[in-house]
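**Student:** based on what follows, work out the 3D shape:
(chains A, B and C)
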Amino acid sequence: MLAQIVGISFSVQQDEAFYIPCTHRYLGVPSQIELAKALALLKPVLEDPALPKVGQNIKYDWIVFERHGIKLNGIVFDTMLASYLINPSKRAHNLDQIALDFLDHKTITYEDLTGKKGKNAATFDTVPIEKATPYACEDADITLMACQILNEKLETLGLSKLFREVEMPLVSVLKGMEMNGVTVDKNKLHELSTTFDHQLKTIEQTIYELADESFNINSTQQLGKILFEKLGLPVQKKTKKKTGYSTDVEVLTTLAELHELPKLVLRNRTLSKLKSTYADALMELIHPETGRIHTSFNQTVTATGRLSSSDPNLQNIPIRTEEGKEIRKAFVPRPGWQMLSADYSQIELRILAHYSEDKILSKAFEEEEDIHTRTASEVFQVFPSFITEDLRRQAKIINFGIIYGMSPFGLAKSLNISQKMAKAYIDNYFGRYKGVKTFIERIIEETKQSGQSTTLLGRIRLLPEINSKNVNERKFAERTAINTPIQGTAADLIKVAMIQVENALKSQNMKTAMLLSVHDEMVFEVPPEEIDAATALIKDKMETVWDLNVPLKVNIEIGDNWAAAH
DNA sequence: GGTATCACG
DNA sequence: ACGTACGTGATACCC
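**Tutor:** This next block holds a predicted model:
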């Protein structure tokens, strides 16, 4: 594949927020080539699209180089992404793991270099060059060797097209989003943090008075003792691992009817979550140079093909409550620009309609009906015009339950009805949506046969547990077999849409920038003169991304901040 | 490092 | 009889 092999390694100060390369520095370090000189030598090679390059987690290197004036071209293969497509359920897709799994080779680990691991490990710039060199060269060597093997495996598993046309092109899109970052209003976050803090102080005092002692409210252990031993409130359930009393939101909500203290603990939980996870953490992550927040979009984490976001996670910014929305209001566009949010409407239920070819479901989407009202009408046998808000709410929960492979027990719990009633609802559902029933039966049978789930674009997830003798394990796999093709296909489609939107924006030299991807939503910042063009372009590319048996629908909203664009 | 909790789709 | 809706990441506590 390559005429020449060039291995490149560089030191990166890991604890710097945004990748700062540097020379090795320690007492007695030999003289090294200057950074600028090294970069100048590498530049023509790295920028030449005719020289194909292979990398491991290439997005990382891509960002480092780009921040130093080198724009990579000719990136043809990322071993991390290949390993992920071959088995997305693996815990890690790092080079050490890949070498072990595909080359049966044990690499020199970072721990071997420094003698320490985790937080105590020395940074790479302090590793002696005579140790760093074989480590770094092995990296390049292994990457290229693994590429050959992985490429053959992709071909065998029918994953090459998905790899070449979706996952590889997506790297550049994600790189752009990460580098661009997003602005948060620091003053707004600071004000929120202060407000939350004052409220927390007051609530804490009242809780201590009610408990007649002070304790750590954030400790579930201490809280359990107060609630169930000192105050003698009724125990609702144990924790998942049975280590103690559960004090989760469900339990506290029940107890709130009996006593003032649990009600205040709920309030305390909400506020301390908003303060510590969002207001305070986001302020800390504003980059000193760019003044913006740069998340990482992880392309090899989820078992279904979705992206994940970390450091910080920008895919779980609050929206459901008014106070939570205040956090979202702090996400703002560049001065004078607008925030634009483009949301796939009911993409997972549309995919279900596509796969199942269910008559009622398909017709509902073709005629742009309200899908939850339709389900309510079918399940509860009432004309749509007579469906109340509460019936619609229940139908919405049923619709979601279908996608997750719900049981009567699960539905009963989330609707707070009897299991018998829940079973009746489910029976009604499948009696009306016959295509969905057949689809679920078929998908479970197919998964049993092949031992894996497959999405519309051919992404696979191994599910050997579907043939397990252990009932729980098998049932879990059956639910996964229902959910994965749906959630995974939605992930496939939004990835393709992201690539197409980005390409279209670029080819028209537009300034509109893609900021975030949140599973069925894309967020952009748009200069005022591009609002109309961007809206049309994004809607068109997203809705026509794939020709399904039902139409795809995208809602676009615009506002001064992310909350207003909803 | 494991557990419990809670934020999102 | 038995556990029970899919997929994530961050925080705090506690051993």
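
**Student:** quick check: buried residues in the one helix or strand residue A:198 maps to?
**Tutor:** Per DSSP states H and E, residue A:198 falls inside helix A:186-211. Of all the residues in helix A:186-211, those buried under the rule 16 or more other CB atoms under 10 Å are A:188-189, A:192-193, A:195-196, A:199-200, A:203, A:207, A:210-211. C-betas here are computed from N, CA, C, even on glycine.

**Student:** cool, and stretch A:449-466?
**Tutor:** A:452-463, A:465-466.

**Student:** coming back round to it: adding distance to residue A:60 and pLDDT, write the buried residues of helix A:186-211 out as TSV.
**Tutor:** Formatted as TSV, those follow (distance: CB to CB, whole Å; pLDDT from 0 to 100):
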residue	distance to residue A:60	pLDDT
A:188	31	98
A:189	28	98
A:192	32	98
A:193	31	98
A:195	38	98
A:196	35	98
A:199	40	98
A:200	38	98
A:203	43	98
A:207	45	98
A:210	51	97
A:211	49	97
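
**Student:** now do the helix holding residue A:198: which elements does it pack against?
**Tutor:** Helices and strands touching helix A:186-211, by 3 or more CB pairs under 8 Å, 6 or more residues apart in numbering; DSSP states H and E, are helix A:260-273, helix A:281-284, helix A:322-329.

**Student:** at 10 Å what do you get?
**Tutor:** helix A:220-224, helix A:260-273, helix A:281-284, helix A:322-329 (3 or more CB pairs under 10 Å, 6 or more residues apart in numbering; DSSP states H and E).

**Student:** adding mean neighbour count, mean pLDDT and distance to DNA strand B, write these out as CSV.
**Tutor:** Formatted as CSV, the helices and strands packed on helix A:186-211 follow (neighbours: other CB atoms under 10 Å; pLDDT from 0 to 100; distance: least, CB to the nearest atom of the strand, whole Å):
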stretch, mean neighbour count, mean pLDDT, distance to DNA strand B
helix A:220-224, 17, 96, 4
helix A:260-273, 18, 97, 4
helix A:281-284, 16, 97, 12
helix A:322-329, 17, 97, 5
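
**Student:** so which of these gets nearest residue A:473?
**Tutor:** helix A:220-224 (28.3 Å; CB to CB).

**Student:** for the next helix or strand after the closest one, buried residues please.
**Tutor:** Later in the chain than helix A:220-224, the nearest helix or strand by DSSP H and E is helix A:249-255. Neighbour counts over helix A:249-255 (16+ other CB under 10 Å) mark A:251-252, A:255 as buried.

**Student:** now the lengthiest helix in chain A, how far from the centre of its chain.
**Tutor:** Longest helix in chain A, counting residues (DSSP state H): helix A:471-507. Chain-centre distance of helix A:471-507: 11 Å, with CA atoms, centre = their mean, to the nearest Å.

**Student:** and that helix with DNA strand C, contact?
**Tutor:** Yes. Counting by CB under 7 Å from any atom of the strand, DNA strand C is contacted by helix A:471-507 at A:471-472, A:475-476, A:479-480, A:483-484, A:487.

**Student:** end to end on stretch A:380-397, go ahead and measure it.
**Tutor:** Using CA to CA, to the nearest Å, the end-to-end distance of stretch A:380-397 comes out at 14 Å.

**Student:** by mean pLDDT, which helix or strand of chain A comes out lowest?
**Tutor:** strand A:11-13 (a mean of 56; mean pLDDT, DSSP states H and E).

**Student:** so which strand or helix has the nearest residue to residue A:358 once chain neighbours are set aside?
**Tutor:** Leaving aside its chain neighbours, residue A:358 sits nearest to residue A:435 (2.9 Å; criterion: CB to CB, 6 or more residues apart in numbering). In this assignment (DSSP H and E), residue A:435 forms part of helix A:434-450.
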